[in-house]
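1. Sequence isn't available, so here's the structure alone:
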């Protein structure tokens with residue numbers, strides 16, 4: 001006669017010292033997560049409250065681990081035209097990434113932006129960090145408090161501040 005009943009699984013004892021209950025909860029032994037303890041629910045709770053995945057890691061290692069977790073620990077590459085992309089489903093619809101990148105770099109600046117950059121003694125194109133540092137240099141140099149109320153310096157300072165505020169709006173920093 002055949003029995004269709006599944007055999008009852010063997011009870012695994014709790015790995016906590018001096019515990020007689022059944023171990024029904026898995027808890028990792030180390031950061032590799034390859035080996036586990038089996039605890040009863042009560043001892044699993046105690047173990048989990050005290051276990052620290054990041055123990056013995058430097059802050060730099062923790063930061064790198066968190067960054068790697070964003071992509072599930074897999075390497076990534078920038079998506080651009082320098083790779084030979086195949087598009088069998090025509091999802092990209094023949095879009096040329098290399099051409100688009102070149103066009104974006106070559107877009108002409110509006111005249112107001114060029115004027116604002118020239119007030120700060122900068123040339124187009126210019127990144128935001130360079131604009132910000134140049135503004136700080138000029139603001140220190142031409143600030144009215146530093147120049148004992150000199151009206152000419154005050155006018156220059158106002159013009160610098162107006163240009164900086166325009167660039168700030170243009171770059172979406174305000």
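-> Structure received. Everything numeric in this text was worked out from a predicted model, so none of it was measured.
2. need the helices for the chain, in chain order.
-> Taking DSSP state H as the test, the helices found in the chain are 41-50, 59-69, 97-106, 111-119, 128-142, 151-170.
3. So for residue 4, which of these sits nearest?
-> Of all the helices of the chain, the one in closest proximity to residue 4, counting by CB to CB, is helix 41-50 (31.2 Å). Bear in mind the C-beta positions are built from the backbone N, C-alpha and C, glycine included.
4. how about residue 140, what does it touch?
-> Residues in contact with residue 140, defined by CB atoms under 8 Å, 6 or more residues apart in numbering, are residue 146.
5. re the thing from before, determine which of the helices of the chain approaches residue 14 most closely.
-> Checking the helices of the chain against residue 14 by CB to CB gives helix 41-50 as the closest, at 5.8 Å.
6. Phi first, then psi, for residue 18.
-> Backbone geometry at residue 18, expressed as degrees, to the nearest 10, gives phi 60, psi 30.
7. on that earlier part again, which one, of the helices of the chain, ends up nearest to residue 25?
-> helix 41-50 (3.6 Å).
8. Throw the helices of the chain into JSON lines and include mean pLDDT, thanks.
-> Shown next, in JSON lines, are those (pLDDT from 0 to 100):
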{"stretch": "helix 41-50", "mean pLDDT": "92"}
{"stretch": "helix 59-69", "mean pLDDT": "90"}
{"stretch": "helix 97-106", "mean pLDDT": "53"}
{"stretch": "helix 111-119", "mean pLDDT": "86"}
{"stretch": "helix 128-142", "mean pLDDT": "89"}
{"stretch": "helix 151-170", "mean pLDDT": "89"}
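9. could those go into CSV alongside distance to residue 13?
-> CSV is the format used below for the helices of the chain (distance: least, CB to CB, whole Å):
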stretch, distance to residue 13
helix 41-50, 11
helix 59-69, 33
helix 97-106, 59
helix 111-119, 73
helix 128-142, 61
helix 151-170, 66
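10. So for residue 24, which of those helices sits nearest?
-> With CB to CB as the measure, helix 41-50 is the member of the helices of the chain nearest residue 24 (6.7 Å).
11. Got the domain ranges for the chain?
-> As assigned by automatic domain parsing, the chain contains the domains 11-75, 111-170.
12. so of those domains, which one's packed in deepest?
-> Mean neighbour counts were taken over these using mean count of other CB atoms under 10 Å, and the top value, a mean of 14, falls to domain 111-170.
13. Now the terminal residues of that one, how far apart.
-> Chord length of domain 111-170, first to last residue, is 12 Å (CA to CA, to the nearest Å).
14. now swap in stretch 27-38 and tell me
-> 6 Å.
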